[in-house]
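[1] quick one, what's the 3D model for this:
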Amino acid sequence: MYQIIGLAFAGCQASGLVSPFDVFNVTNTLWKQQRTDASALYRCSLVSTTGTEICCSNGTRMLADYRLEDAPKADLIIVPGIHHADGPSLLKKLNTLGRECLWLQQQIRQGVPVAANCSGVFLLAETGALEHQEATTAWWLGELFRTRYPGVQLQPKRLLVKNSNTYCTGSMNANVGVILEIIEQQVGRQLAQQCARTMLIDAAQSYAAPYLFIQEQADHQDELVLAVESWLQRNIAQPINIDALASLHSVSPRTLSRRFKKAHAKSLSAYLQDLRLEQTKLLLENTNLSIEQVVARVGYSSQSSLRRLFKKLLGLSPRQYRQQNQPSGR
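    This is a model prediction of the structure:
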């Protein structure tokens with residue numbers, strides 16, 4: 001039996017613990033269904049500094065199974081995200097997790113693998129285990145992470161980074177995906193795939209490029225422009241109509257155009273073209289959609305218009321871009 005330990009602390013994100021535990025539980029169920037009198041493959045337990053009740057950031061209360069010093073030998077430790085309002089509040093919370101950090105250091109020295117999610121990667125980095133290693137974290141925390149851990153090779157475009165004994169994930173989707181990878185390593189691909197199908201898990205997303213583009217473009221504080229950006233991101237395939245868009249947001253077309261250009265130093269149409277380009281690159285890199293399907297999904301008028309744009313901006317055709325950037329084996 002594999003012992004999975006979730007590290008619980010006040011203000012942790014409950015989903016970072018219970019979602020992986022659910023994946024292990026479904027795997028146990030599938031395993032038992034296939035074998036008469038089979039025992040469970042996984043045992044999931046929570047540890048905390050006190051071994052008592054923990055209140056997560058969403059108000060969920062969890063009862064820890066062990067204190068840190070009494071925890072059994074783990075085959076995997078899961079570190080959830082740390083709830084925060086902004087960078088300073090995250091660092092303030094991090095400074096209260098000294099005992100958790102020391103315990104993690106001890107476990108890592110003993111060779112125990114650790115999977116950290118989102119802002120929980122900061123706690124993993126505090127142990128020193130990521131020094132001179134690659135890592136990723138939530139897409140909006142990149143600059144803060146680089147500043148605090150200059151010796152870590154941050155990979156902001158990736159949602160999952162694996163080192164020899166650590167896993168860093170930048171989204172809940174990637175967090176569940178890495179659990180499936182661990183299950184595959186421990187008990188086989190067939191059972192991991194059955195679990196993925198049962199839970200309708202799509203673990204294929206591994207890049208955060210469109211989110212990074214959105215972050216880079218949203219440094220302004222204009223609420224009107226932020227609302228329009230959100231609408232464009234949700235309706236990326238629709239043709240842009242400035243009059244209708246302005247009416248939807250209760251301003252004149254002239255006001256909308258002026259404030260958008262002030263915020264971005266580019267027009268609405270130029271912003272939408274950039275947004276569509278980033279989404280197209282993502283789809284070419286990470287899906288097997290045909291060029292025709294990509295065109296329809298992103299909102300280009302034709303395959304020829306997409307080819308012209310790629311040639312002009314990237315010096316490549318969409319097919320050439322896919323060949324150069326899609327991970328092998330997809």
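[2] where does the protein dip in pLDDT?
    For the chain, residues meeting the criterion pLDDT under 70 lie at 202-220, 326-330.
[3] care to break it down by domain?
    Annotated domains of the chain cover 2-199, 209-325 [automatic domain parsing].
[4] out of those, which one sits most buried?
    domain 2-199 (a mean of 19; mean count of other Cβ atoms under 10 Å). For glycine as for every other residue, the C-beta is placed from the backbone atoms N, C-alpha and C.
[5] what sits against the residue lying closest to Gln105 once chain neighbours are set aside?
    Leaving aside its sequence neighbours, Gln105 sits nearest to Thr127 (Cβ to Cβ, 6 or more residues apart in numbering; 4.5 Å). Going by Cβ atoms under 8 Å, 6 or more residues apart in numbering, Thr127 touches Cys101, Leu104, Gln105, Ile108.
[6] wait, the second one sits on Val79?
    Yes - taking contacts as Cβ atoms under 8 Å, Leu104 lies within contact range of Val79: 7.3 Å.
[7] overlap of the contact sets of the two?
    The contact sets of Leu104 and Val79 overlap at Leu7, Val114, Leu123, Leu124 (Cβ under 8 Å, 6+ apart).
[8] just those: which are in strands?
    Secondary structure from DSSP state E places Leu7, Val114 of these in strands.
[9] Pro88: which of the shared contacts of Leu104 and Val79 is nearest?
    Nearest to Pro88 out of the shared contacts of Leu104 and Val79 is Leu123 (Cβ to Cβ; 16.4 Å).
[10] the closest one and Leu102 touch, don't they?
    No - between Leu123 and Leu102 there is no contact under Cβ under 8 Å: 11.2 Å.
[11] helices along the stretch 1-150 of the chain, start to end?
    Per DSSP state H, counting those that start in this stretch, the stretch 1-150 of the chain carries helices over the ranges 15-34, 87-94, 98-109, 120-126, 142-148.
[12] can I get these in CSV including distance to Ala192?
    Shown next, in CSV, are those (distance: least, Cβ to Cβ, whole Å):
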stretch, distance to Ala192
helix 15-34, 8
helix 87-94, 33
helix 98-109, 24
helix 120-126, 23
helix 142-148, 30
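[13] so which of these gets nearest Glu181?
    Nearest of those (Cβ to Cβ): helix 15-34, 10.8 Å.
[14] how far off centre is that closest one?
    The chain centroid and the centroid of helix 15-34 are separated by 20 Å under Cα atoms, centre = their mean, to the nearest Å.
[15] dump that helix to CSV, keeping only the CA atoms.
    Below are the C-alpha coordinates for helix 15-34, written out as CSV (Å, rounded to 0.1, in the frame of the first residue of the first chain):
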residue,chain,number,x,y,z
SER,A,15,-9.1,21.6,-3.2
GLY,A,16,-5.3,21.1,-3.3
LEU,A,17,-5.8,18.2,-0.9
VAL,A,18,-9.2,16.8,-1.5
SER,A,19,-9.0,16.7,-5.3
PRO,A,20,-5.8,14.5,-5.3
PHE,A,21,-7.3,12.4,-2.5
ASP,A,22,-10.4,11.8,-4.7
VAL,A,23,-8.2,10.6,-7.6
PHE,A,24,-6.5,8.1,-5.3
ASN,A,25,-9.8,7.0,-3.9
VAL,A,26,-11.3,6.3,-7.3
THR,A,27,-8.2,4.4,-8.2
ASN,A,28,-8.7,2.2,-5.1
THR,A,29,-12.3,1.6,-6.2
LEU,A,30,-11.4,0.6,-9.7
TRP,A,31,-8.6,-1.7,-8.4
LYS,A,32,-11.0,-3.5,-6.0
GLN,A,33,-13.6,-3.9,-8.7
GLN,A,34,-11.1,-5.8,-10.9
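[16] do you know how far the residue lying closest to Ile78 once chain neighbours are set aside is from Leu277?
    Closest residue to Ile78 apart from its sequence neighbours, by Cβ to Cβ, 6+ apart: Gly6 at 4.7 Å. Distance of Gly6 to Leu277, given as Cβ to Cβ, to the nearest Å: 40 Å.
[17] likewise Met1?
    Taking Cβ to Cβ, one finds Met1 at 49 Å from Leu277.
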